[in-house]
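Novice: Sequence and predicted structure are below.
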Protein chains: 2
Amino acid sequence: MPQLRKDPVVDRWVIIAPERADRPNAILRATPEREGERESCPFCPGNEAMTPPQVLAQHMGDDGWTLRVVPNRYPALRTEIQMSREGRGLFDSMAGVGAHEVVIETRDHSLTLSDLPAAQIENILRAWQERMADLSRDIRLKSILAFKNHGQPAGATLFHAHSQLVALPLVPPAVGEELRGSRKHFEEKERCIYCDVLAQELREKERVVLEAEGAVALAPWAARSPFETWIFPRRHRSSFESAEAPELRAVAETLRTLLRKMDVALEKPAYSLYLHTMPLREQPNDWYHWHLELKPLLTLQAGFEWGSGCSINPTPPEEAAGFLRQTEV
Amino acid sequence: MPQLRKDPVVDRWVIIAPERADRPNAILRATPEREGERESCPFCPGNEAMTPPQVLAQHMGDDGWTLRVVPNRYPALRTEIQMSREGRGLFDSMAGVGAHEVVIETRDHSLTLSDLPAAQIENILRAWQERMADLSRDIRLKSILAFKNHGQPAGATLFHAHSQLVALPLVPPAVGEELRGSRKHFEEKERCIYCDVLAQELREKERVVLEAEGAVALAPWAARSPFETWIFPRRHRSSFESAEAPELRAVAETLRTLLRKMDVALEKPAYSLYLHTMPLREQPNDWYHWHLELKPLLTLQAGFEWGSGCSINPTPPEEAAGFLRQTEV
């Protein structure tokens, strides 16, 4: 049974999830990513029985599903256990209550997210929204992280395009830090810090990768790794769940163009993509601004990063942004 | 020129170090680790001219050096630049003042750290101490991270056994968090939290890997990754720099046995090793306790970890510790 544990010194919760060790290829081996294995791919049409029963499906006409959401077979957290908290001496824990779902992004085994039309990427974002709305009814769940691992070096264990949703009984530290920082800025200035950043970036231009009507992609000032890029909807909104169709469309189109530029510029890199949004069931506010963060996996996390909590990034974001701006797709 | 940058939202400094992109193999490629390349190995005897001039060397008898410390040819930070801080709108930066040195741990190209006798591992720790003492005279430098990347998946770009020292103009977040947490505990209890953890672990036994007279290796309660193991000197001391010979010896012997157990249990894994100690030039205190942290690289950092700042660890530390305890070396 999974469990969350808090380090007794620093404010850091860890999910202890023994069942995840049973996944095929869960452990790092230098096996190349394989296009094949369609017969045995649990995400392919015809193999629906290989996944747990779906919790959501999208269709177009009578040609079967175009997107499915299913519970993860190797969940990091589970809904069906009782919430409980425990302390034993210095060591605090809580039950690993949560949910872990997989969004099968297309029925076509051979396509990657960047191959899909913008409308399908918008459908994926909409599926994230729908699942978040449904999961948010469980008040034990405090937040949901939507993310995608593309390519074996990024941790993907199956080739068929998919993203994941992990619902957590806490606000993850990376989001919590952003909430604290942006609330502090608002208390001082009564402005959204992300709107302020966007305004400065659009004035300075050098870190802007893409400027669309409804969304902006930029290499952040303090990018932690080469070609790290963030996508913001221009319209201020704290929670992704309430974003409307034009915002989703703008972000989907920007994401598609960005991924295609990455594919050309960096030779189809592995990457991690994730969504930062408010914790569940919060009222809209003026100080937080949902966004996507994309990290191509070009360098390794090494002892320095683990030991310091600092990153060493060999590529200035201005160079990365300039290179991506010039890349034609 | 390298530069440190602070994210405008969260309290996170990043080193922008363009020159590191010039390193051979700086970017992740699926190339196997190679034992060979002795002729061109800059860390081998006879090739001393391939490194910048040494800043420290140890000898045994007349047989030449047994350990060398040299500046890193691809430094993340540099001593020879002027300290300066700048703000431009929302974006703060400071000059990348610091130092980046390499400790060549043995003259023998074919040996790994776990192959070395405990006395040589003690010499390596002593070299870290000496370099820290020397670098601490530069008051621009606030802290030093000593660390080691072993194996290509851990980010090592050269096979020949080496560790690294990075002197920083700030206290890294991972250390800062520990300082805050341990000081808070001391303010409440007037006890060192690490001494408290050691006492509880030695009572409960299940996460203890090795118990020596002067040092203890344990799998931490909230281990972030499979087989993460920490080594503590039993004697309370806040700063590594002032540790005395018996403490260094005890830690060296424990580290050697731990690495040999890892080699057997996990088939010579890649790993990251790093030292957590007080910032430079601090008086001894009763609330912090220096230690080593070892992270074998068995799983990948993926989107969930990046996006949440939480780790998912498939191996409970009790299981890892039990397995390592039973592993004979």
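Specialist: Looks like it came in fine.

Novice: Compute the distance between A:Pro52 and B:His236, please.
Specialist: When Cβ to Cβ, to the nearest Å is applied, the distance between A:Pro52 and B:His236 equals 51 Å. Every residue, glycine included, has its C-beta placed from N, CA and C.

Novice: A:Glu48 now?
Specialist: Taking Cβ to Cβ as the measure, A:Glu48 and B:His236 are separated by 59 Å.

Novice: Show me which residues of the stretch 51-200 of chain A sit near chain B.
Specialist: A:76, A:89-91, A:145, A:147-149, A:153-156, A:164, A:166, A:168, A:172-178, A:180-182, A:185, A:193-194, A:196-197, A:200 (Cβ under 8 Å from any Cβ of the partner chain).

Novice: Inside strands: which ones of these?
Specialist: Judged by DSSP state E, these include A:Phe91, A:Leu145, A:Phe147, A:Lys148, A:Asn149, A:Gln164, A:Val166, A:Leu168 as members of strands.

Novice: Let me see the contact set for the second one.
Specialist: Right, the one you point to is A:Leu145. Residues in contact with A:Leu145, defined by Cβ atoms under 8 Å, 6 or more residues apart in numbering or on different chains, are A:Leu165, A:Val166, A:Leu168, A:Pro172, A:Val175, A:Tyr274, A:Leu275, B:Phe304, B:Gly307, B:Ser308.

Novice: what do you get if the cut-off is 6 Å, keeping everything else the same?
Specialist: With contacts defined as Cβ atoms under 6 Å, 6 or more residues apart in numbering or on different chains, A:Leu145 is in contact with A:Val166, B:Gly307, B:Ser308.

Novice: And the helices in the stretch 101-250 of chain A?
Specialist: Residue ranges of the helices in the stretch 101-250 of chain A, as given by DSSP state H, counting those that start in this stretch, are A:118-135, A:173-189, A:193-204, A:245-265.

Novice: okay, those helices in a markdown table with mean neighbour count, mean pLDDT and distance to A:Glu101 next?
Specialist: Listed next are these as a markdown table, based on neighbours: other Cβ atoms under 10 Å in any protein chain shown; pLDDT from 0 to 100; distance: least, Cβ to Cβ, whole Å:
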| stretch | mean neighbour count | mean pLDDT | distance to A:Glu101 |
| --- | --- | --- | --- |
| helix A:118-135 | 19 | 98 | 6 |
| helix A:173-189 | 17 | 92 | 19 |
| helix A:193-204 | 18 | 96 | 27 |
| helix A:245-265 | 20 | 97 | 19 |
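
Novice: Now the closest residue to A:Met60 other than its chain neighbours: which helix or strand?
Specialist: Spatial nearest neighbour of A:Met60, excluding adjacent residues (Cβ to Cβ, 6 or more residues apart in numbering or on different chains): A:Thr66 at 5.0 Å. Under DSSP states H and E, the secondary-structure element containing A:Thr66 is strand A:65-71.

Novice: Run through who's touching that strand.
Specialist: Residues from elsewhere that reach strand A:65-71 (Cβ under 6 Å, 6+ apart): A:51-52, A:54-60, A:101-104, A:123, A:127, A:131.

Novice: Rebuild the contacts of A:Leu145 as a markdown table, extending it with pLDDT, distance to B:Arg260 and neighbour count.
Specialist: Written out in a markdown table, the entries for these read as follows (pLDDT from 0 to 100; distance: Cβ to Cβ, whole Å; neighbours: other Cβ atoms under 10 Å in any protein chain shown):
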| residue | pLDDT | distance to B:Arg260 | neighbour count |
| --- | --- | --- | --- |
| A:Val166 | 93 | 37 | 26 |
| B:Gly307 | 93 | 36 | 24 |
| B:Ser308 | 90 | 34 | 25 |
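
Novice: can you count the residues close to A:Phe147?
Specialist: Here the number of neighbours of A:Phe147 (other Cβ atoms under 10 Å in any protein chain shown) works out to 23.

Novice: show me the contacts for it.
Specialist: The contact partners of A:Phe147, by Cβ under 6 Å, 6+ apart, come to A:Gln164, A:Tyr274, B:Gly303, B:Phe304, B:Gly307.

Novice: Okay, now the unreliable bits of the stretch 201-329 of chain A?
Specialist: For the stretch 201-329 of chain A, the stretches flagged by pLDDT under 70 are A:301.

Novice: Show me which residues of it are close to chain B?
Specialist: A:221-222, A:224, A:272, A:274, A:295, A:298, A:300-304, A:306-314, A:316 (Cβ under 6 Å from any Cβ of the partner chain).

Novice: hang on, A:Val171 packs against A:Ser143?
Specialist: Yes - with contact defined as Cβ atoms under 6 Å, A:Val171 reaches A:Ser143; the gap is 5.0 Å.

Novice: Name the residues contacting each of these two.
Specialist: Taking Cβ under 6 Å, 6+ apart as the contact rule, A:Val171 and A:Ser143 both touch A:Pro279.

Novice: Give me the spatial nearest neighbour of A:Phe304, chain neighbours excluded.
Specialist: Excluding the flanking residues, the one nearest A:Phe304 by Cβ to Cβ, 6+ apart is B:Phe147, at 5.5 Å.

Novice: Quick check: helices, which of the residues of the stretch 201-329 of chain A next to chain B are part of them?
Specialist: Secondary structure assignment (DSSP state H) places A:Gly303, A:Phe304, A:Trp306, A:Gly307, A:Ser308 from these within helices.

Novice: okay but the first one is in contact with B:Tyr274, surely?
Specialist: Yes - taking contacts as Cβ under 6 Å, A:Gly303 lies within contact range of B:Tyr274: 5.1 Å.

Novice: More neighbours: which of these two?
Specialist: Neighbours were tallied for A:Gly303 and for B:Tyr274 using other Cβ under 10 Å; the higher tally belongs to A:Gly303 (28 against 25).

Novice: buried set for stretch A:204-220?
Specialist: Along stretch A:204-220, the positions that meet the burial threshold by neighbour count (16 or more other Cβ atoms under 10 Å in any protein chain shown) are A:Arg207, A:Val208, A:Val209, A:Leu210, A:Ala212, A:Gly214, A:Ala215, A:Val216, A:Ala217, A:Leu218, A:Ala219, A:Pro220.

Novice: what do you get for stretch A:266-286?
Specialist: Neighbour-count burial for stretch A:266-286, with 16+ other Cβ under 10 Å as criterion, is recorded at A:266, A:269-280, A:282, A:285.

Novice: same question, stretch A:233-243
Specialist: The neighbour-count check on stretch A:233-243 (16+ other Cβ under 10 Å) flags A:Pro233, A:Arg234, A:His236, A:Arg237, A:Ser238, A:Ser239, A:Phe240, A:Glu241, A:Ala243 as buried.

Novice: Can you dump the C-alpha atoms of that stretch in CSV for me?
Specialist: Provided in CSV are the C-alpha atoms of stretch A:233-243 (Å, rounded to 0.1, in the frame of the first residue of the first chain):
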residue,chain,number,x,y,z
PRO,A,233,-2.3,32.0,-21.6
ARG,A,234,-2.3,35.7,-22.0
ARG,A,235,-5.6,36.0,-20.2
HIS,A,236,-5.1,36.1,-16.4
ARG,A,237,-6.7,33.1,-14.8
SER,A,238,-5.7,31.3,-11.7
SER,A,239,-7.1,27.8,-12.3
PHE,A,240,-6.8,25.7,-15.4
GLU,A,241,-10.0,24.0,-14.7
SER,A,242,-12.1,27.0,-15.5
ALA,A,243,-10.2,28.0,-18.7
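
Novice: what's that stretch in contact with?
Specialist: Residues lying outside stretch A:233-243 but in contact with it, judged by Cβ under 6 Å, 6+ apart, are A:129, A:132, A:192, A:195, A:214-215, A:247, A:251, A:275, A:277-278, A:284-285, A:288-290.

Novice: Now for those residues: which two are most distant?
Specialist: A:Met132 and A:Cys195 (23.1 Å; Cβ to Cβ).

Novice: got the contact list for stretch A:77-85?
Specialist: Contacts of stretch A:77-85 (Cβ under 6 Å, 6+ apart): A:Pro2, A:Met94, A:Ala95, A:Gly96, A:Val97, A:Gly98, A:Ala99, A:His100, A:Arg140.
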